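>>> dropping a prediction and its sequence here:
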Amino acid sequence: MTSAAVLPSTPAVPTVLSALRSPRLLTREVLAGVVTALALIPEAISFSIVAGVDPAVGLFSSFVIAVVIAFVGGRPAMVSAAAGSVALVIAPMVRDHGIEYLVPTIVLGGVFQLVLGFMGVSRLMRFIPRSVNVAFVNALAILIFTAQLPNLFGRDVPAIVWPLTALGIAIIVFFPFVTKAVPAPLIAVVVVTVITLVAGLDVPTVGDKGSLPDSLPGFSGIQVPLDLDTLGIIAPYAFGMAIVGLIETLLTAQLVDAITDTGSSKWRESWGQGVANVVSAFFGGTGGCAMIGQTVINVKTAGARTRISTFVAGVAVLVLTVSLRDVVAEIPMAALTAVMIMVCVATFDWHSIRPNTLRRMPLGETVIMIITVVVVVFTDNLATGVLVGVVLAALVFARRVSHVVDVERTVQSGAASGAGPGATPGADPGAASVVRYRVRGALFFASSSDLVTRFSYPEDRLAGTVRVEIDMSEAHIWDASTVAALDAVELRYRQHGIEVEVLNLNTGSIRLHSRLSGHLG
């Protein structure tokens, strides 16, 4: 009797319950959350300044969003907080209309995410091509970088800011070679802050940009009239925030899936982001989404795998900033500028602009990537750039596919046979009575107009053809344009007394053809 082979067991994916039962796992998750919070605080403050709000707003947002998403999110161990992509979308609104419109904008953006999430928008991510995803990331890095320029070249910025920023960048680059146990951005912030305090340097600080939290966040209501005028102001920004936040969140979730070799619920994560943003808004915070850098630190560097780490990261942000409020206020803007510049460097996909990559990439995809980045930079709107990129990608794809359709002509009765739109050279046209055209490819609006010209109407008429058979066994009808094209082919033949029969349609094509044929003229 042969014994069954014993397969090696796959290690179970840690859950919240298993982590709570295991001191070792629980310690790992808690420490990962604290380390992630230390890396999150500098960026949360920086993104608040980018958005044009007090640092307290971004820190409150990071606390609320991280804690809420730890319960309702669909990707365990992914970190969501006040993010640069969302800050860039709402910054023009705060600048042009005032801070009082922030809460309703974030609430509406969260509602949009809830609706889009329940509608299954996460499944539409597969329709965003890689060239647009790369352009989104690169444009995000460029916008974050340009937002730092006033901190370096502003009217009242002292020259000492430049060497301090350079020092911060150097620490972030080289400190990981010493140890990765402590986030390099945190070390850069501490070192630059100590230098400015010890040397008594007069440089812009975080405290100059606004207030910092001194207690738990309180409930904040909507302070503007809820009418159509307000809706007209906030709706474009809210929708842009919803789209940009979902794109970055779902891209980050895919990254974590790959790192951990586990799946996640993109549907739950989508509407969960909406819940987190609505709650954040009513506690006086700004909007946010998943943060790629902090998530990588949490999952890859610190080894977190459960929601506990995300929850701890949010709580730690609030505890550290409230307890160290006076210290955080003394952080020089030069230190945060260094952090943000390195965030840009890490975010930008440098591989995408290497000469070897550009030479190997199809020209159409390279053009899409460049145009998407240009649109984002000039409109200062990530959502607009992504929309333009997707439309361009669809047009390029349609153009490519439209040239894949092939039509082969064969004479069934008689000696003549051939391929293509014309008869085979040397054929006897007079012998033809039944001609078959075999159509191959995907037939839709971009290829259907070309389909009409691929039939040899005069030759079939002069050959005395009595019937034309159109074999569709290797083709598929996708839209009404193709049905109209086939109707046009039949009409041209029947005007000369030639019968036309469409054969071997698949089930989907039969359904569309039978419903529309003869009703589009």
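Cool, the structure landed.
>>> confidence score at Ala235?
Note for Ala235: predicted pLDDT of 93.
>>> for it, grab the count of nearby residues.
For Ala235, the count of nearby residues is 16 (other CB atoms under 10 Å). Using the backbone N, CA and C atoms, a C-beta is placed for each residue, glycine as well.
>>> likewise for Arg399?
The burial count for Arg399: 12, using other CB under 10 Å.
>>> residue contacts, it?
For Arg399, the contact set (CB atoms under 8 Å, 6 or more residues apart in numbering) comprises Ala446.
>>> which SSE is immediately downstream of the helix or strand hosting it?
Using DSSP states H and E, Arg399 sits in helix 382-402. Once the chain leaves helix 382-402, the next helix or strand it forms, by DSSP H and E, is strand 406-411.
>>> now that following strand: mean pLDDT?
86.
>>> who does it pair up with?
Here strand 406-411 has these sheet partners by DSSP bridges: strand 434-443 (antiparallel).
>>> list the buried residues in stretch 161-171.
161, 164-165, 167-169, 171 (16 or more other CB atoms under 10 Å).
>>> max-length helix in the chain?
helix 228-260 (DSSP state H).
>>> same for that one, what does it pack against?
helix 84-97, helix 102-118, helix 130-153, helix 266-282, strand 288-290, helix 292-296, helix 382-402 (3 or more CB pairs under 8 Å, 6 or more residues apart in numbering; DSSP states H and E).
>>> low pLDDT regions in this protein?
1-13, 210-211, 213-219, 301, 402-404, 413-432, 519-521 (pLDDT under 70).
>>> what helix or strand is the closest residue to Thr384 other than its chain neighbours on?
Among residues not flanking Thr384 along the chain, Val375 sits closest, at 6.2 Å (CB to CB, 6 or more residues apart in numbering). Using DSSP H and E, Val375 sits within helix 363-379.
>>> using PDB, list the CA coordinates for stretch 300-316.
The C-alpha trace of stretch 300-316 is given here as PDB (Å, rounded to 0.1, in the frame of the first residue of the first chain):
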ATOM      1  CA  LYS A 300       9.000  45.200   4.900                       C
ATOM      2  CA  THR A 301      11.400  46.900   7.400                       C
ATOM      3  CA  ALA A 302       9.600  46.200  10.700                       C
ATOM      4  CA  GLY A 303       7.900  43.000   9.600                       C
ATOM      5  CA  ALA A 304       4.300  43.900  10.600                       C
ATOM      6  CA  ARG A 305       1.500  41.700   9.300                       C
ATOM      7  CA  THR A 306      -1.700  42.700  11.200                       C
ATOM      8  CA  ARG A 307      -4.000  45.600  11.900                       C
ATOM      9  CA  ILE A 308      -2.400  46.100  15.300                       C
ATOM     10  CA  SER A 309       0.600  47.800  13.800                       C
ATOM     11  CA  THR A 310      -1.600  50.300  11.900                       C
ATOM     12  CA  PHE A 311      -3.600  51.000  15.100                       C
ATOM     13  CA  VAL A 312      -0.500  51.500  17.200                       C
ATOM     14  CA  ALA A 313       1.000  53.800  14.500                       C
ATOM     15  CA  GLY A 314      -2.000  56.100  14.700                       C
ATOM     16  CA  VAL A 315      -2.100  56.200  18.500                       C
ATOM     17  CA  ALA A 316       1.600  56.800  18.700                       C
END
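>>> run the chain-centre distance for that stretch.
On the basis of CA atoms, centre = their mean, to the nearest Å, stretch 300-316 is displaced by 23 Å from the centre of the chain it belongs to.
>>> buried stuff in that stretch?
In stretch 300-316, the ones that count as buried by 16+ other CB under 10 Å are 301-316.
>>> out of those residues, the closest to Glu474 would be?
When these are compared for distance to Glu474 (CB to CB), Arg305 wins out at 48.0 Å.
>>> can I take it that that closest one is in a helix?
No - under DSSP: H, G, I helix; E, B strand; the rest coil, Arg305 falls outside any helix and is assigned coil.
>>> which parts of the helix holding Arg399 are buried?
For helix 382-402, burial by neighbour count (16+ other CB under 10 Å) applies to 382-390, 392-393, 396, 401-402.
>>> and the residue lying closest to Val407 once chain neighbours are set aside, backbone torsions?
Leaving aside its sequence neighbours, Val407 sits nearest to Arg454 (CB to CB, 6+ apart; 3.9 Å). Per-residue torsions, Arg454: phi -90, psi 0 (degrees, to the nearest 10).
>>> any figure for the gap between Arg454 and Ser270?
Using CB to CB, to the nearest Å, Arg454 is found at 44 Å from Ser270.
>>> more neighbours: these two, which one.
With neighbours defined as other CB under 10 Å, Arg454 and Ser270 compare such that Ser270 has more, 29 against 18.
>>> the residue nearest to Ala19 when sequence neighbours are not counted in helix, strand or coil?
Take Ala19 and drop its neighbours on the chain: the residue closest to it by CB to CB, 6+ apart is Leu25, 4.2 Å away. For Leu25, the assignment made with three-state DSSP gives helix.
>>> was I right about Leu25 contacting Thr15?
No - using CB atoms under 8 Å, Leu25 makes no contact with Thr15, being 9.5 Å away.
>>> more neighbours: which of these two?
Leu25 (20 against 15).
>>> got the contact list for that one?
Residues in contact with Leu25 (CB under 8 Å, 6+ apart) are 14, 18-19, 306.
>>> again, only using 10 Å
By CB atoms under 10 Å, 6 or more residues apart in numbering, Leu25 lies in contact with 14-16, 18-19, 303-306, 308.
>>> quick check, nearest of these to Ile331?
So of those, ranked by how close each gets to Ile331 (CB to CB), first place is Ala304, at 26.2 Å.
>>> am I right that His496 is in contact with Glu490?
No - applying CB atoms under 10 Å as the test, His496 and Glu490 come out as separate, 11.5 Å apart.
>>> looking at the two, which is more packed in?
Neighbour count, other CB under 10 Å: between His496 and Glu490, Glu490 has more, with 19 against 12.
>>> the closest residue in space to that one that isn't next to it in sequence: how many residues sit nearby?
Closest residue in space to Glu490, ignoring its immediate chain neighbours: Val500 at 4.3 Å, by CB to CB, 6+ apart. Neighbour count of Val500, defined by other CB under 10 Å: 18.
>>> likewise Gln148?
Count around Gln148 with other CB under 10 Å applied: 22.
>>> cool, and the one 3 residues further on?
Using other CB under 10 Å, the number of residues around Asn151 comes to 21.
>>> then Val434?
16.
>>> with Ile106 instead?
Count around Ile106 with other CB under 10 Å applied: 28.
>>> list the residues that contact the closest residue to it other than its chain neighbours.
By the measure of CB to CB, 6+ apart, the closest residue to Ile106 outside its immediate chain neighbours is Ala281, 3.6 Å from it. Contacts for Ala281 (CB under 10 Å, 6+ apart) come out as 61, 64, 102-110, 220, 222, 287.
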